[in-house]
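*Asks:* Kindly generate the corresponding structure for this input.
(chains A, B, C and D)
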There are 4 protein chains.
Amino acid sequence: MYPEKQMAPRFYNDFHQNVAAARPASLPAQGMKVDRNNTALVITDPQNDFLSPKGVAWDLVKDSVAKNHTIENIESLLKTAKENKFKVFVSPHWYYPYDQKWMFGGVLEHLMHDLKMYQRKSPLSLEGFKGSGADFLERYKPYIEDGQTVITSPHKIFGPEANDLVLQLRKQAISRVILAGMSGNLCVESHMRELIEQGFEVAVVHDATASAKTNDLDGDQAAKTNFRMIASASWSTNETIDKMRSVHR
Amino acid sequence: MYPEKQMAPRFYNDFHQNVAAARPASLPAQGMKVDRNNTALVITDPQNDFLSPKGVAWDLVKDSVAKNHTIENIESLLKTAKENKFKVFVSPHWYYPYDQKWMFGGVLEHLMHDLKMYQRKSPLSLEGFKGSGADFLERYKPYIEDGQTVITSPHKIFGPEANDLVLQLRKQAISRVILAGMSGNLCVESHMRELIEQGFEVAVVHDATASAKTNDLDGDQAAKTNFRMIASASWSTNETIDKMRSVHR
Amino acid sequence: MYPEKQMAPRFYNDFHQNVAAARPASLPAQGMKVDRNNTALVITDPQNDFLSPKGVAWDLVKDSVAKNHTIENIESLLKTAKENKFKVFVSPHWYYPYDQKWMFGGVLEHLMHDLKMYQRKSPLSLEGFKGSGADFLERYKPYIEDGQTVITSPHKIFGPEANDLVLQLRKQAISRVILAGMSGNLCVESHMRELIEQGFEVAVVHDATASAKTNDLDGDQAAKTNFRMIASASWSTNETIDKMRSVHR
Amino acid sequence: MYPEKQMAPRFYNDFHQNVAAARPASLPAQGMKVDRNNTALVITDPQNDFLSPKGVAWDLVKDSVAKNHTIENIESLLKTAKENKFKVFVSPHWYYPYDQKWMFGGVLEHLMHDLKMYQRKSPLSLEGFKGSGADFLERYKPYIEDGQTVITSPHKIFGPEANDLVLQLRKQAISRVILAGMSGNLCVESHMRELIEQGFEVAVVHDATASAKTNDLDGDQAAKTNFRMIASASWSTNETIDKMRSVHR
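*Replies:* Next comes the predicted model:
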């Protein structure tokens, strides 16, 4: 059936015997080829409100950020993509004053509005933007603001349904996405799910992201579970960098 | 800001102090009003391949199905919805032979095709359908095939992006969804995320679903984490039934 | 069947006899109720490049603008909406330098890029914006920049598929749209079609828009034909104003 | 800027001078390359209700069908695509009894429901389907029902927003579409517009379609105007066949 199936026949056989038997030991890896002509790096929300100690949501994610080395890993991906001439797309998260007047929303959506996360004054004002929680992390700006990286319109909840990411990727003939950014089980996962529904192949970089934890909920674990089950591949930053570099040779 | 905010001020204050301090104790409940004029029950994949011991994916989910009492809970929701005159929408999962020729896909997507899950012969043939893995669970048919329940076109990966669920809901003036079905972290969660991006309020019934488990991955835990963080509410079947009935009085 | 059907039984009967006979004389009017709680005014592209004599596409549309009194009519709609407390949404058209690098596009899409229509320097720069072809018409600014009008992200071809208009409308409980703006058979019509597919009721204001004409193609006629056939209603500006005002009484 | 631009520099220059001067003489052709590895034929609504004299909407379109030689041209496209190994996708139009209960809709949408156009008993019944207005034209069945043509889920208004056409195309690595079918200014044009917004290149076959005419509205003229302005190309059936065949050589 699928051409990729030939990549891992042994795992598939094992897995099918497991399914036939009882609980499967583990899921087969699927894999995704990396080719700079059709593969892009997509980063969600590389912004201060999550990734800076001054950010309003820092306390929710700081444990996960520390454990995954998220800040460094996102930078390594950006650097590797640029060095190896992969196209880079950033899908930012910005809210304007009228978004505060929305008449309903989900639990963490409300929390974002309450915390005034990712707030800008208006789509036609940059007053107060520089260095704010809505701005990009300073160390990422050389990569994001080089005039080549496509900065899409803001996504407005968690997925790219209401911005131009899908169109921007298609207009550059991109059909495969290496996905990372903040936060793991919210914007990264919603981007993963929507890009897959739109017919992209997606590999997620599971340690170039981080997620909210509360006493009883572990967003990082949820994200990593769903990356493994849903994406074509769930890679570490190191694996991803190796794949991007090996295209070069 | 949000009118709903007034529903739970104490929790919000606690939570904000927690965020300001360190790790929050737990997330505030948001809530969703249930009103039969604008609220519908949506069930994903109430089909044999997941919910019958003869189904090809039964082994993946049977532990979770048993623990959540999924089969009975979905039936209770259907029964309660019909008795209390809530509109019901079913979003089924069907594959046709040409879907087997797709050139790429994610890990569990491949698995579904390998297992020939949800297979029908063609959109214009019902040969072999009755009682197959693609058919609805026998006990649900009185509710689903009563001529009132809207059976949408099949979703094709996990979410409703490629079927008519959103349009069917809007054409009936539905803006709030009570969501349940199979499986939790795949189709239910992708439906939850997409419906929210499309501007619906969504409450998920966390024990009227079940999810795949492997030795190292627990889909049910992932789903329940994301329901709590993302939806307007994550209710038990009993809570949901109480809310649907109280509308009646 | 449809409740609205009762609005125009005679026309329907006539029309059905016509269909049964030969060519129908004319299409039945459908109608749309106007209610400020669920009805909003949506304006596409109220920008200089189409509506100012200095705009790069002025020559393409100026005849149609003059004939329809487009500039005054859009202003009358904005004024009436504000006076009668209807919510107003503007869906602008902006391009950034990376959009110039798109690898393919349609005929007038190419032309827009060639003419550098609607160009801004970057989503994070307003340098050169004020008074440019991408800026709003000066006379509309009191209505658009009053802090209440929702300015969505830019649409990127003709429809709102890649911006947040649909979500912004839903988050304000809007289900009916009064639609006008530039240009008639491109952005207005693509907005009409997409909003309808997303389950909104749409009335188009056929003389608060204008379209490109060439020696052999008449965009205005095409737009007016499709408004009549597809929308719930195609009203003049005067009719629309009467309906918006009568809500007030 | 665009690579395709080199295809027609003279026309572009002429056109720009025209825009700079006054009314442009005519629009420049854009063009689309045809390659069976990434180009598919998409046919909308090749069904009896429009294309058979017994169809409920025949009277609305019969003049346009006769003038364009629509019936023969659609068959020639299907035959040529199969002979030259292009993938073929059909996007049908089917309604079920619950669609008759939709609470609102546009002018021709109401008419379709009133005429019981494209009616089927249920998505899980084929009773009465064969030879009905909802069935495919008999002469097209050898091409559509050969087990290779992808028959998508039904579109529900005019565009493919609520079916799986876009996903099916992407899963077969199709990025360019040759589009034809019924009716021109409704389903074909809405498919054209949506496919373009989703990042496909689209060439429309302007005489392998036909449109409704009333005494005062000419849908065929509207469609042809918008095909010329919006698509990458608007070809005759003969031109299209030549292009599909020349790939073969």
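*Asks:* What is the end-to-end distance of stretch A:192-206?
*Replies:* End-to-end span of stretch A:192-206 (CA to CA, to the nearest Å): 12 Å.
*Asks:* pLDDT of it, averaged?
*Replies:* What stretch A:192-206 shows for mean pLDDT is 98.
*Asks:* cool, stretch A:86-100 as well?
*Replies:* 97.
*Asks:* Residue A:243 touches residue A:34, doesn't it?
*Replies:* Yes: when contacts are counted by CB atoms under 8 Å, residue A:243 is listed as touching residue A:34 (4.5 Å). Placement of C-beta: from N, CA and C, glycine included.
*Asks:* Now do the buried residues in stretch A:27-39.
*Replies:* A:27-28, A:30-34, A:38-39 (16 or more other CB atoms under 10 Å in any protein chain shown).
*Asks:* again, but for stretch A:185-202
*Replies:* Buried residues in stretch A:185-202 (16+ other CB under 10 Å): A:185-202.
*Asks:* got it, and stretch A:230-244?
*Replies:* Within stretch A:230-244, the residues that count as buried by 16+ other CB under 10 Å are A:230-235, A:237, A:240-241, A:243-244.
*Asks:* again with stretch A:104-121
*Replies:* Neighbour-count burial for stretch A:104-121, counted by 16+ other CB under 10 Å, picks out A:104-115, A:117-120.
*Asks:* filter these down to the ones near chain B?
*Replies:* With the criterion set as CB under 8 Å from any CB of the partner chain, the members of the buried residues of stretch A:104-121 near chain B are A:104-111, A:113-115.
*Asks:* Redo those as JSON lines? Include secondary structure.
*Replies:* Shown next, in JSON lines, are these (DSSP: H, G, I helix; E, B strand; the rest coil):
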{"residue": "A:104", "secondary structure": "coil"}
{"residue": "A:105", "secondary structure": "coil"}
{"residue": "A:106", "secondary structure": "coil"}
{"residue": "A:107", "secondary structure": "helix"}
{"residue": "A:108", "secondary structure": "helix"}
{"residue": "A:109", "secondary structure": "helix"}
{"residue": "A:110", "secondary structure": "helix"}
{"residue": "A:111", "secondary structure": "helix"}
{"residue": "A:113", "secondary structure": "helix"}
{"residue": "A:114", "secondary structure": "helix"}
{"residue": "A:115", "secondary structure": "coil"}
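*Asks:* Just put those residues in CSV and tack on distance to residue B:151 and pLDDT.
*Replies:* Formatted as CSV, these follow (distance: CB to CB, whole Å; pLDDT from 0 to 100):
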residue, distance to residue B:151, pLDDT
A:104, 28, 96
A:105, 30, 96
A:106, 27, 96
A:107, 31, 94
A:108, 32, 94
A:109, 30, 95
A:110, 33, 94
A:111, 36, 93
A:113, 36, 94
A:114, 39, 93
A:115, 41, 93
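*Asks:* between the residues you listed, which is nearest residue A:134?
*Replies:* residue A:115 (11.9 Å; CB to CB).
*Asks:* can you count the residues close to the nearest residue to that closest one once chain neighbours are set aside?
*Replies:* Spatially, and ignoring its direct neighbours in sequence, residue A:115 is nearest to residue A:56 (4.3 Å; CB to CB, 6 or more residues apart in numbering or on different chains). The tally of other residues near residue A:56 (other CB atoms under 10 Å in any protein chain shown) stands at 21.
*Asks:* Can you tell me how far residue A:56 is from chain C?
*Replies:* 21 Å (CB to the nearest CB, to the nearest Å).
*Asks:* before we move on, which element is that residue in?
*Replies:* Secondary structure assigned from DSSP states H and E places residue A:56 in neither a helix nor a strand.
*Asks:* Among the buried residues of stretch A:27-39, which lie within helices?
*Replies:* Among the buried residues of stretch A:27-39, DSSP state H puts none in helices.
*Asks:* returning to that earlier point: what residues does the residue nearest to residue A:115 make contact with?
*Replies:* A:49, A:115-117, A:133, B:19 (CB atoms under 8 Å, 6 or more residues apart in numbering or on different chains).
*Asks:* do the same with residue A:160
*Replies:* With CB under 8 Å, 6+ apart, residue A:160 has these contacts: A:91, A:152, A:166, A:190-191, A:194-195.
*Asks:* Which one of those residues is nearest to chain D?
*Replies:* Nearest to chain D among those: residue A:166, at 6.9 Å, using CB to the nearest CB.
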